[in-house]
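In: Provided below are the primary sequence and the corresponding predicted coordinates.
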Amino acid sequence: MHLPENLRPQLKKPFGLLIQDSKVTRSSISDNIPKDAFVITVGDATTEKMLLLGFNPSLQIVDALEKRHKRDLPVGQANTILTCTNPAAEITDESISVIRKALSMAIPVRIIVTGEEDLLVLPVAVYAPANSVILYGQPNEGLVLVQLTEEVRNRAKSIMDSMS
């Protein structure tokens, strides 16, 4: 599936609560995550930030890139490491399959993407369990924290359905 130009503005609007970079703390995050939540991070900086704050996300999706520049993978523990290929501005069938597989495995699981992981927030929102919280970075603004609701799930599905 490829992201058409006309959908790009829709994706610039955060799917959830935007916490400004300067206000991202352990308490600003933990205050917004239920105790039994399945925590998912999409992005290297987001995953690293959560690990440094003492959280170990249930599912971590990283690509060893930050703002399109090569970087080291975040240091953290995972029971299982999976890989997939997902080019920029796309969501591949392979990445969807790997996400679905990861969601059924013993946590924590890390998916290392060859390509770009940004759009994988969408299939995560479609397939993650109901008690999920998804975190991803909003470039040059902060951290987006998304409580997965049917509304969020439907919005993600609608965007994916609009991709060709």
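Out: Right, received. Where do you want to start?
In: And the pLDDT at F15?
Out: As predicted, F15 sits at a pLDDT of 92.
In: That one: what's it in contact with?
Out: V121, A125, I134, V144, V146, V152, R155, A156 (Cβ atoms under 8 Å, 6 or more residues apart in numbering). Bear in mind the C-beta positions are built from the backbone N, C-alpha and C, glycine included.
In: Please pick the buried ones from those residues.
Out: The neighbour-count test (16 or more other Cβ atoms under 10 Å) marks V121, A125, I134, V144, V146, V152, R155, A156 as buried among these.
In: quick one: the helix or strand of the chain with the lowest mean pLDDT to chain centroid distance?
Out: Ranked by mean pLDDT, DSSP states H and E, the weakest helix or strand in the chain is strand 65-66, scoring a mean of 82. How far strand 65-66 lies from its chain's middle: 14 Å, per Cα atoms, centre = their mean, to the nearest Å.
In: again, but for stretch 28-48
Out: With Cα atoms, centre = their mean as the basis, stretch 28-48 stands 10 Å off its chain's centre.
In: distance between the ends of it?
Out: From its first residue to its last, stretch 28-48 covers 16 Å (Cα to Cα, to the nearest Å).
In: Flag every buried residue along it.
Out: Buried, per 16+ other Cβ under 10 Å, within stretch 28-48: 28-29, 32, 37-48.
In: Stretch 49-65 now?
Out: For stretch 49-65, the neighbour count (16+ other Cβ under 10 Å) marks K49, M50, L51, F55, P57, S58, L59, Q60, I61, V62, D63, L65 as buried.
In: that older thread, partner strands of the least confident helix or strand of the chain and their direction?
Out: The pairing partners recorded for strand 65-66 under DSSP bridges are strand 69-70 (antiparallel).
In: Tell me which other helices or strands the helix ranked longest in the chain touches.
Out: Ranked by residue count, the top helix of the chain under DSSP state H comes out as helix 150-162. Judged by 3 or more Cβ pairs under 8 Å, 6 or more residues apart in numbering; DSSP states H and E, the packing partners of helix 150-162 are helix 121-127.
In: Low-confidence ranges, this protein, go.
Out: By pLDDT under 70, the chain contains no weakly predicted segment.
In: on that earlier part again, for the least confident helix or strand of the chain, which outside residues touch it?
Out: So strand 65-66 is in contact with G43, D44, A45, R71, E116, going by Cβ under 8 Å, 6+ apart.
In: try 7 Å
Out: With Cβ atoms under 7 Å, 6 or more residues apart in numbering as the test, strand 65-66 has contacts from D44, A45, R71, E116.
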